[in-house]
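Participant: Sequence plus the predicted model coming up.
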Amino acid sequence: MDLVDLIQEKRFLGQEFLAWLWFKSEERGGSVDVPGRGDVLVVFEKHMLLEYGEGDASEKVICRGLQTELKEARAGLGLAKKPEQARLRLAFGDYEFGVTLTAAIFEFRNIRLPKTVDAADEGKDGDSLEGRVLERIALFEQLIRLVEDLFRMFINIRASHLWNEELVKIRAWIESGAHQG
């Protein structure tokens, strides 16, 4: 099996992860309790791309709006549309990140790193520049670890006997969203 076929076959995991993460974020008002890490703020913002169908018959729908206005996207979940891409705000400790995450290959797009030091307050010499670059790399690594921890939590539930119970909760959450508005 070549890489493209493998990605197509396994893309459902990323889509399920985004749907599960959206549910988890709303279950406790944006706070997700990640084992070994503690509470992580997860907020779905402004933009979500949903996919429906397979192969040539697939359709994509873009839903935009404030977090509370993603009702159309949530209703789409009830119509078997799957999240393919979502704009997220993640916060842990003193840092807040923005990222658009694609489900199929876990591509990170439009990353917004936390602002730490104003470049005007720092020197223009090589050491200062190197420090800023290294700091940005460290922030990228923190974002990646944060998403990995959330995905690990999802996979541990997905691969266990707890998944059926979680599915019941997710379906109830989707159903409750269909009746709002």
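Facilitator: Sure, I can see it. Numbering: from 1, shown residues only.
Participant: Show me where the chain has its helices.
Facilitator: Assignment of helices within the chain using DSSP state H yields the ranges 3-27, 71-78, 126-158, 162-178.
Participant: of all those, which gets the most neighbours per residue?
Facilitator: Most buried of the helices of the chain, by mean neighbour count (mean count of other CB atoms under 10 Å): helix 71-78, with a mean of 19. Just so you know, the C-beta spots here come from the backbone N, C-alpha and C atoms, and that holds for glycine as well.
Participant: how many degrees apart are that helix and helix 3-27 in direction?
Facilitator: If you take axes from the mean of the first three to the mean of the last three CA atoms, to 10 degrees, helix 71-78 sits at 120 degrees to helix 3-27.
Participant: Kindly calculate the angle that helix 71-78 makes with helix 162-178.
Facilitator: With the same axes, to 10 degrees applied, the angle from helix 71-78 to helix 162-178 works out at 130 degrees.
Participant: shouldn't Y52 be in contact with V61?
Facilitator: Yes: counting by CB atoms under 8 Å, Y52 touches V61, with 7.1 Å between them.
Participant: quick one on the thing from earlier: what about the helices of the chain, which gets the closest to G98?
Facilitator: Between G98 and the helices of the chain, the shortest gap by CB to CB is with helix 126-158, which sits at 9.4 Å.
Participant: helices and strands around that closest one, which ones?
Facilitator: For helix 126-158, the elements it packs on are helix 3-27, strand 31-34, strand 38-52, strand 82-92, strand 95-102, strand 108-112, judged by 3 or more CB pairs under 8 Å, 6 or more residues apart in numbering; DSSP states H and E.
Participant: All set, thanks.
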